[in-house]
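**Q** using only what follows, build the 3D model:
(chains A, B, C and D)
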2 protein chains.
Amino acid sequence: MALRYALLASLYESPATGYELTRRFRERMGNVWNASHQQIYRELAKALDDGLVKVELVEQSGKPDRKVYHLADSGRAELGEWVNGFSPRPATRDPLLLKLFAGDLWSHDRLFEELSRYELDWQEELERYREIERDYFQDVQTLPRHYKLQYLALRRGIMATESWLAWAREVRDLCGASPEGS
Amino acid sequence: MALRYALLASLYESPATGYELTRRFRERMGNVWNASHQQIYRELAKALDDGLVKVELVEQSGKPDRKVYHLADSGRAELGEWVNGFSPRPATRDPLLLKLFAGDLWSHDRLFEELSRYELDWQEELERYREIERDYFQDVQTLPRHYKLQYLALRRGIMATESWLAWAREVRDLCGASPEGS
DNA sequence: CTACCATGTGCAACAAGTTGCATATAGGAG
DNA sequence: CTCCTATATGCAACTTGTTGCACATGGTAG
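**A** Numbers count the residues shown, from 1 in each chain, chains lettered A, B, ... in the order given. I've put the predicted structure just below:
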């Protein structure tokens, strides 16, 4: 049911089409929740069926009609209950770490090739986060609670990514950064 | 297919029954991969069907026979290929962070109640990791590569958990740790 | 001129993960 | 005496997530 609440939470901020929700997940909330557009359209249809959201059709020429979803009262209520209930920690399933357990089969070069790719990725992500932090969250102390909490979600993204980068440095320190054969 | 490789990677270390694999995932590899016993038995049957693992039946009185799974040659080969290929970053889906996006519906007390539970959990986990670090990885520099990589998986667990705890402190600093009404 | 990309919706098939149940025995706590 | 835990296996139904495809058009890059 968690995807359902992710959609409701996003619609709580503002009404949106399935397409826009897909983009929000990919961009602003990539750190928090991920879902493909297929999954989102499917779940929106179910949530509509259950009366948690309402649709407003907006006609367009050429393109399909926009179906703008709004949070219904019952949706807001259910979201509120979910938010105030306890959620267990998500299970981690990380292929990169898994490979360390069969590390003897992992060639030195390939290991560092993959690590480098990840590092580039993390670096880019970190810069994007830091930019948002600079642009939107300068005076955090004075912000209303709602924005403080959004800021904390961003902070989590920053700290998680920094932590991965620090780990990558440890890998280099312990296993040697430069392969002989290149 | 990733669960399949998780099983092969664990069997690469040593042969095991489905039950033992379940425990390994829950205990030693909790940081890396999670799977229920139902999922594991199902996937082991498929892997056996595909000839990636072999079974050795060990009779027991009273209890069902132990089915000890071994990595077959083809399984080792496929694991090797997978390990040396590129794996994309896993998608994050974190209910705790999601709730921050509907934070207006989240009561101050409930938020900190949940945060405290998480903190206790992280603290415990961190202590378990640190204990393993002390007991098994004192002279990391001198260890063979295989153990270095295992150590790095553990380090990742430590760093990730520390990062969460640091984040929790930021939450307290920004949103006030002590609710008035208690 | 053609190919890709963005917008916008969605179905169908499959793979992966969860939840509830079932069987069978031995040992310890209350 | 009963309940819980550990060992050890597994089925069935369901939910969630992935992958591939489809339609429809306007703009931009080569």
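
**Q** for chain A, which segments count as helices?
**A** Using DSSP state H, the helices of chain A run over A:2-13, A:18-26, A:37-49, A:73-84, A:95-101, A:108-136, A:145-175.

**Q** now do the buried residues in the third one.
**A** Buried positions in helix A:37-49, judged by neighbour count with 16 or more other C-beta atoms under 10 Å in any protein chain shown: A:Ile40, A:Tyr41, A:Glu43, A:Leu44, A:Ala47, A:Leu48. Backbone N, C-alpha and C define where each C-beta goes, glycine included.

**Q** contacting residues around the first one?
**A** A:Ile40 makes contacts with A:Leu3, A:Leu7, A:Gly18, A:Leu21, A:Thr22, A:Phe25, as judged by C-beta atoms under 8 Å, 6 or more residues apart in numbering or on different chains.

**Q** again, but for the fourth one
**A** Remark: with contacts taken as C-beta under 8 Å, 6+ apart, A:Leu44 is in contact with A:Leu7, A:Gly18, A:Leu21, A:Val53, A:Tyr69.

**Q** per-residue pLDDT, it?
**A** The per-residue pLDDT reported for A:Leu44 equals 98.

**Q** number of nearby residues for A:Leu165?
**A** 15 (other C-beta atoms under 10 Å in any protein chain shown).

**Q** wait, it touches A:Glu124, no?
**A** No. The criterion here is C-beta atoms under 8 Å, and A:Leu165 misses it with A:Glu124 at 11.3 Å.

**Q** residue closest to the middle of chain A?
**A** Nearest residue to the geometric centre of chain A (C-alpha atoms, centre = their mean): A:Gly30, 2.3 Å.

**Q** name every sheet partner of the lowest-mean-pLDDT helix or strand in chain A and say whether each one runs parallel or antiparallel.
**A** Lowest on mean pLDDT, DSSP states H and E among the helices and strands of chain A sits strand A:53-58, with a mean of 94. Here strand A:53-58 is paired, per DSSP bridges, with strand A:66-71 (antiparallel).

**Q** quickly check: the strand it pairs with near DNA strand C or not.
**A** Yes. Counting by C-beta under 7 Å from any atom of the strand, DNA strand C is contacted by strand A:66-71 at A:Arg66, A:Lys67.

**Q** one more: stretch A:12-21?
**A** Yes. Interface with DNA strand C: stretch A:12-21 contributes A:Thr17, A:Gly18, A:Tyr19, A:Glu20 (C-beta under 7 Å from any atom of the strand).

**Q** any stretches of chain A with poor pLDDT?
**A** Low-confidence segments of chain A, defined by pLDDT under 70: A:61-64, A:177-182.

**Q** what about 50?
**A** Under the criterion pLDDT under 50, the flagged ranges of chain A are A:179, A:181-182.

**Q** domains of it?
**A** A:2-84, A:95-175 (automatic domain parsing).

**Q** could the ones you listed go into TSV alongside distance to B:Ala35?
**A** Below are those laid out as TSV (distance: least, C-beta to C-beta, whole Å):
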stretch	distance to B:Ala35
domain A:2-84	18
domain A:95-175	11
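
**Q** now A:Arg28: how far from A:Tyr12?
**A** 14 Å (C-beta to C-beta, to the nearest Å).

**Q** please apply the same query to A:Phe112.
**A** Here A:Phe112 is placed at a distance of 44 Å from A:Tyr12 (C-beta to C-beta).

**Q** again, but for A:Ala2
**A** 15 Å.

**Q** A:Leu120 now?
**A** Distance of A:Leu120 to A:Tyr12, given as C-beta to C-beta: 35 Å.

**Q** neighbour count winner among these two?
**A** For A:Leu120 and A:Tyr12, the more surrounded residue by other C-beta under 10 Å is A:Tyr12, and the numbers stand at 20 against 10.

**Q** please name the residues that touch the residue nearest to the more buried one when sequence neighbours are not counted.
**A** Spatially, and ignoring its direct neighbours in sequence, A:Tyr12 is nearest to B:Ala102 (4.8 Å; C-beta to C-beta, 6 or more residues apart in numbering or on different chains). Residues near B:Ala102 by C-beta under 8 Å, 6+ apart: A:Leu8, A:Ala9, A:Tyr12, A:Leu79, A:Gly80, A:Val83.

**Q** swap in A:Ala45?
**A** So A:Ala45 contacts nothing (C-beta under 8 Å, 6+ apart).

**Q** if you set the cut-off to 10 Å instead, what comes out?
**A** Neighbour list for A:Ala45: A:Gly18, A:Val53, A:Val55, A:Lys67 [criterion: C-beta atoms under 10 Å, 6 or more residues apart in numbering or on different chains].

**Q** A:Gly80 is in contact with A:Tyr12, correct?
**A** Yes. Using C-beta atoms under 10 Å, A:Tyr12 is in contact with A:Gly80, at 9.4 Å.
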